[in-house]
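Asker: heads up, no residue letters with this:
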């Protein structure tokens with residue numbers, strides 16, 4: 001019903017925004033990835049891409065296609081996948097918002113943040129158009145649905161590849177107490 005969909009969307013937006021505010025304290029600090037750099041963004045993008053890859057494979061699998069009567073179970077798996085994606089996406093969004101401000105030229109922060117949000121809105125528009133076209137024109141409804149997740153995976157991988165070219169190796173990458181990528185400025189000193 002309409003009120004159930006409205007309630008679901010309201011809850012989604014509330015939780016999404018709250019997750020963004022909790023990201024530094026609850027997710028990055030325990031992993032010693034705060035403040036984030038390009039390496040942190042790449043790691044969280046790889047975490048993000050795992051979800052649409054799983055969902056695309058699940059939808060195209062025999063489990064999904066050969067059991068037409070088990071709609072509820074399939075819906076639950078897809079909804080859990082979408083919520084996990086939203087959770088990791090909220091963390092990614094907070095990281096990227098921080099990096100935009102970090103990389104902004106001193107007196108041009110407002111302009112750079114404005115361009116970031118403009119690019120963000122344009123990316124959502126492109127994603128909406130591409131997913132609508134894929135869903136409508138790629139074979140069956142099931143194949144079109146899977147194609148949307150594959151396209152999402154491709155966009156996240158492109159974003160990850162572009163992040164690798166950012167000149168921000170200071171701080172390295174810590175995953176808790178393990179140094180995954182050495183700090184180029186202080187190679188023998190771990191973050192405290």
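Answerer: Thanks, I have the structure now. This is a predicted model, so every value here is computed, not measured. Numbers count the residues shown, from 1 in each chain.

Asker: pLDDT wise, what is the residue nearest the centre of the chain at?
Answerer: Nearest residue to the geometric centre of the chain (Cα atoms, centre = their mean): residue 89, 3.2 Å. Listed pLDDT for residue 89 reads 91.

Asker: Look up how far residue 48 lies from it.
Answerer: With the distance defined as Cβ to Cβ, to the nearest Å, residue 89 ends up 6 Å from residue 48. For glycine as for every other residue, the C-beta is placed from the backbone atoms N, C-alpha and C.

Asker: any idea where the strands of the protein begin and end?
Answerer: 173-175, 178-181 (DSSP state E).

Asker: show me the contacts for the residue nearest to the centre of the chain.
Answerer: Residue 89 makes contact with 16, 48, according to Cβ atoms under 8 Å, 6 or more residues apart in numbering.

Asker: Kindly report the same for residue 84.
Answerer: Counting by Cβ under 8 Å, 6+ apart, the residues that residue 84 touches are residue 51.

Asker: how far away is it from residue 25?
Answerer: To residue 25, residue 84 is 20 Å away according to Cβ to Cβ.

Asker: Over to residue 62?
Answerer: From residue 62 across to residue 25, the span is 43 Å (Cβ to Cβ).

Asker: Those two: which has the busier surroundings?
Answerer: Under the criterion of other Cβ atoms under 10 Å, the comparison of residue 62 against residue 25 puts residue 25 first, with 10 against 7.

Asker: Lovely, talk soon.
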